[in-house]
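A.B. asks: I would like the atomic coordinates for the input below:
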Amino acid sequence: MLSGTIRLTQFSHGAGCGCKIAPAVLEQILQSSLSTITDKNLLVGNSSKDDAAVYDLGNGMAMISTTDFFTPIVDDAFSFGQIASANAISDVYAMGGKPFMAIAILGWPVEKLPTGIAQQVLDGARTICNEAGITLAGGHSIDSPEPFFGLAVNGMVQIANLKQNNTAREGNVLLLTKPIGVGVLSTAEKRDVLKEEHKGLAATQMKQLNSIGELLGKLDAVTAMTDVTGFGLLGHLIEMCEGAAVSAELSYQHIPFIAAAKEYLAQRIVPDATYRNWNSYSSKVGFGAGVNVMEAFNLLPDPQTNGGLLIAVKEEQLADVQQLLAANNLEAFTQPIGKLVPKSEKVIQVLV
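C.D. replies: From the prediction side, this is the model:
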């Protein structure tokens, strides 16, 4: 049976990173374990809500270790494998590192879906691993009620080039390397209302590796970095701000959005995870005069799958980062979307 005759998204309750546990609930789950790790070689653990764990190897280098997996966000099995793999590898890039090996994580309802489709998921994963220049070295699988797939990924980084999500500074400007809106488009596809001209638009973006992160890690101009995934732009920026004890002002007009996403918002097509995200951090966000609050409410918490890198940059060295982005076909994302300011009542203020 070919995967084209089966819609994988109909076998999952969530879609991609949209199936992540809501930020507020996750915080409750992790509360008892945030301060229990005392290994002096562990440079980054779970206390900072960062993208990956980082372990000092004692020679000026550190190993980055991460895992990420989710339920289908597209119907095509091969594309699902590609997207899930690119998303997992992104955590290493977000730390300024270089991935070198991956292990697959597969859950499959063997009584509901043919094993040949699972094979296609793995084939898609291999293509992305090959693109990233890493080995898919093995993995683990279980028989599960819903299909899910992802990777555990290891990477390396010079400790001097390590980027974290909690090291930004007041006065830094913010850049984002992909547009927001794949959650809306993925929901439209799952509800079978996605227009023909919009099919593949979100998938193409979600397959794109964030390999620019390895190069950004080498720049002193970059003070902090994270990738935008299931908690939406607001959620991941809140983590960045709270970790550095600052607030942020976002310039709504300069935030990149997928234009087609706004068309589906008019039809009230919004992922359920958008509301879960908003309910988790709404008290931390304010809106300035002139902002289209309803539109912003639906887009800024939109759960992204393998979203762009959110980068905090020293304003006086912004040109260095812009030059690097432009040289790597990311010139469209060289406009700052906001700035970090002194800590205030609201963690984020969305301005026109």
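A.B. asks: A296: which element?
C.D. replies: A296 is part of helix 293-299 when elements are defined by DSSP states H and E.
A.B. asks: what's the answer for A273, then?
C.D. replies: Per DSSP H and E: helix 272-281 holds A273.
A.B. asks: Quick one: list the elements packing against that helix.
C.D. replies: helix 23-30, helix 232-244 (3 or more C-beta pairs under 8 Å, 6 or more residues apart in numbering; DSSP states H and E). Every C-beta, even on glycine, is put in place using the N, C-alpha and C of the backbone.
A.B. asks: which of the ones you listed has the lowest average pLDDT?
C.D. replies: Mean pLDDT values for the helices and strands packed on helix 272-281 show the minimum at helix 23-30, a mean of 69.
A.B. asks: Now the next helix or strand after that one: buried residues?
C.D. replies: Sequence-wise, the next helix or strand downstream of helix 23-30 (DSSP H and E) is strand 42-44. Using 16 or more other C-beta atoms under 10 Å as the test for burial, strand 42-44 gives L43, V44.
A.B. asks: Equivalent analysis for stretch 55-63, please.
C.D. replies: For stretch 55-63, by 16+ other C-beta under 10 Å, it's Y55, D56, M61, A62, M63.
A.B. asks: try stretch 318-330
C.D. replies: Across stretch 318-330, burial judged by 16+ other C-beta under 10 Å covers L318, V321, Q322, L324, L325, L330.
A.B. asks: can I assume M61 is in contact with I159?
C.D. replies: Yes - at 6.8 Å, M61 counts as touching I159 under the criterion of C-beta atoms under 8 Å.
A.B. asks: So which residue is smack in the middle of this protein?
C.D. replies: T229 (2.7 Å; C-alpha atoms, centre = their mean).
A.B. asks: before we move on, what SS does that residue have?
C.D. replies: coil (DSSP: H, G, I helix; E, B strand; the rest coil).
A.B. asks: That one is in contact with T305, isn't it?
C.D. replies: Yes - if you go by C-beta under 8 Å, T229 and T305 touch, sitting 6.6 Å apart.
A.B. asks: Strands of the stretch 251-352 of the chain, start to end?
C.D. replies: In the stretch 251-352 of the chain, the strands defined using DSSP state E, counting those that start in this stretch lie at 285-287, 309-313, 338-342, 348-351.
A.B. asks: Single out the most deeply packed of those.
C.D. replies: Most buried of the strands of the stretch 251-352 of the chain by mean neighbour count (mean count of other C-beta atoms under 10 Å) is strand 309-313; its value is a mean of 27.
A.B. asks: pLDDT on that one, on average?
C.D. replies: Taken as a whole, strand 309-313 has a mean pLDDT of 99.
A.B. asks: can you list contacts of that strand?
C.D. replies: 90, 93-94, 167-169, 172-178, 210, 212-213, 216, 221-228, 233, 236-237, 240, 244, 321, 336, 340 (C-beta atoms under 8 Å, 6 or more residues apart in numbering).
A.B. asks: ok, that strand: who's next to it in the sheet?
C.D. replies: strand 173-176 (antiparallel), strand 222-227 (antiparallel) (DSSP bridges).
A.B. asks: Can you pull the poorly scored residue ranges out of this structure?
C.D. replies: 1-4, 13-24, 26, 29, 31-37 (pLDDT under 70).
A.B. asks: Break it down into its domains, please.
C.D. replies: The chain breaks down into these domains under automatic domain parsing: 3-161, 173-351.
A.B. asks: Going by neighbour count, list what's buried in stretch 215-224.
C.D. replies: For stretch 215-224, a neighbour-count test (16+ other C-beta under 10 Å) marks L215, L216, G217, L219, A221, V222, T223, A224 as buried.
A.B. asks: Surely C241 touches I348?
C.D. replies: Yes - in this structure, C241 is within contact of I348 by C-beta under 8 Å, at 6.9 Å.
A.B. asks: Now for these two: what residues contact both?
C.D. replies: By C-beta under 8 Å, 6+ apart, the residues touching both C241 and I348 are S247, A248.
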